[in-house]
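Asks: below is the sequence, then the predicted model.
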Amino acid sequence: MKINLRLIILSLIFPICTISQTHHAVYSYRYTDNEPLDLGNQIIYPTDLAANNPTHLSFDPQHSYYTSENKLNNLNDFSDIMAYTHEPMFYYANIQTYYYNHLYNSYSELVIAVDNVTVQWEITDETQVIDGYYCIKAVGKLRSVYAKEDVYYYEAWFAPELPYAYGPYKFSGLPGLVVYGIERNSTIYKLEKINFNVSTQIENFSLTPAKEIPIQKIDEKYLEEYEMYKKY
């Protein structure tokens with residue numbers, strides 16, 4: 001039996017209501033630029049590949065778990081890299097932090113990344129109805145960890161009637177579930193369906209137990225390795 005140590009530890013620090021129900025949302029994603037990618041042995045079109053691998057978000061009031069159709073079926077392909085689901089992640093709303101397994105130290109060591117680098121949101125006055133949900137627009141910035149002068153831009157439309165601070169990938173931290181989001185003017189996420197009070201609870205998911213390392217330390221290691229690589 002798998003025991004999720006992360007949930008046990010955090011539930012002691014931040015008590016979780018035992019009657020919380022898990023809900024499940026499915027998001028499609030596509031690309032504004034569907035230029036073919038040459039992988040050497042094949043040519044793929046990103047949006048075509050994405051159509052076969054929707055992303056999944058399981059959540060309750062305290063936390064969420066973001067993964068993909070592939071990962072739920074123990075599969076891998078390039079679309080998981082494009083959708084940022086190659087490393088399924090937990091997000092804890094009360095501490096605004098992500099946790100996910102990550103290959104570290106020249107990809108030789110499996111760790112749990114502790115990632116508190118979140119999008120800084122500004123809620124606007126713009127509203128619109130998307131698929132029956134009254135949505136409010138928010139715009140956000142996320143500073144690159146590799147080049148501090150680079151900033152990634154986000155646009156999110158969230159539904160206050162769905163009072164959950166979650167969305168796909170880094171679309172978390174808003175006062176409502178994200179119904180539609182645009183990341184870096186290139187990747188578009190859209191809520192396709194949502195099921196409430198599902199039988200599969202978040203406690204059914206877990207990370208592979210490993211040492212926890214702050215994302216800042218992981219990024220410093222990558223920058224160090226990158227600088228060494230440039231010398232050759």
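Replies: Happy to help now that I have it.
Asks: now residue 220, what's its secondary structure?
Replies: helix (DSSP: H, G, I helix; E, B strand; the rest coil).
Asks: residues near it, how many?
Replies: Residues contacting residue 220 under the criterion other C-beta atoms under 10 Å number 12. Any C-beta I mention is one placed from the backbone N, CA and C, and that applies to glycine too.
Asks: gap between the two ends of stretch 108-128?
Replies: Stretch 108-128 has its terminal residues 47 Å apart, counting by C-alpha to C-alpha, to the nearest Å.
Asks: could I get the phi/psi values of residue 224?
Replies: Here is the backbone geometry of residue 224 (degrees, to the nearest 10): phi -60, psi -50.
Asks: likewise for residue 203?
Replies: Residue 203 has phi and psi values of phi -60, psi -10 when expressed as degrees, to the nearest 10.
Asks: that one and residue 93, how far apart?
Replies: Distance of residue 203 to residue 93, given as C-beta to C-beta, to the nearest Å: 16 Å.
Asks: swap in residue 150?
Replies: Distance of residue 150 to residue 93, computed by C-beta to C-beta: 27 Å.
Asks: can you tell me the centre-most residue of the protein?
Replies: Nearest to the centroid of the C-alpha atoms of the chain, with distances taken as C-alpha atoms, centre = their mean, sits residue 169, at 2.0 Å.
Asks: wasn't that residue part of a strand?
Replies: No - counting by three-state DSSP, residue 169 is located in no strand; its state is coil.
Asks: excluding covalently adjacent residues, which one is nearest to it?
Replies: Nearest residue to residue 169 in three dimensions, chain neighbours excluded: residue 84, at 4.5 Å (C-beta to C-beta, 6 or more residues apart in numbering).
Asks: the one you found: neighbouring residues, count only.
Replies: When neighbours are defined as other C-beta under 10 Å, residue 84 has 19 of them.
Asks: that one in helix, strand or coil?
Replies: Classification of residue 84 by three-state DSSP places it in coil.
Asks: how about the helices in the chain?
Replies: Listed in chain order, the helices of the chain (DSSP state H) span residues 5-13, 46-50, 69-72, 78-82, 215-230.
Asks: what residue ranges in the protein are flagged as low confidence?
Replies: Across the chain, the ranges flagged by pLDDT under 70 are 1-19, 39, 145-149, 226, 229-232.
Asks: ok, 90 please
Replies: Along the chain, the parts satisfying pLDDT under 90 run over 1-20, 30-53, 74-84, 86, 103-108, 117, 143-151, 184-187, 200-204, 215-232.
Asks: ok so, going back, was I right to think the residue nearest to the centre of the chain contacts residue 183?
Replies: Yes - with contact defined as C-beta atoms under 8 Å, residue 169 and residue 183 form a contacting pair (7.2 Å).
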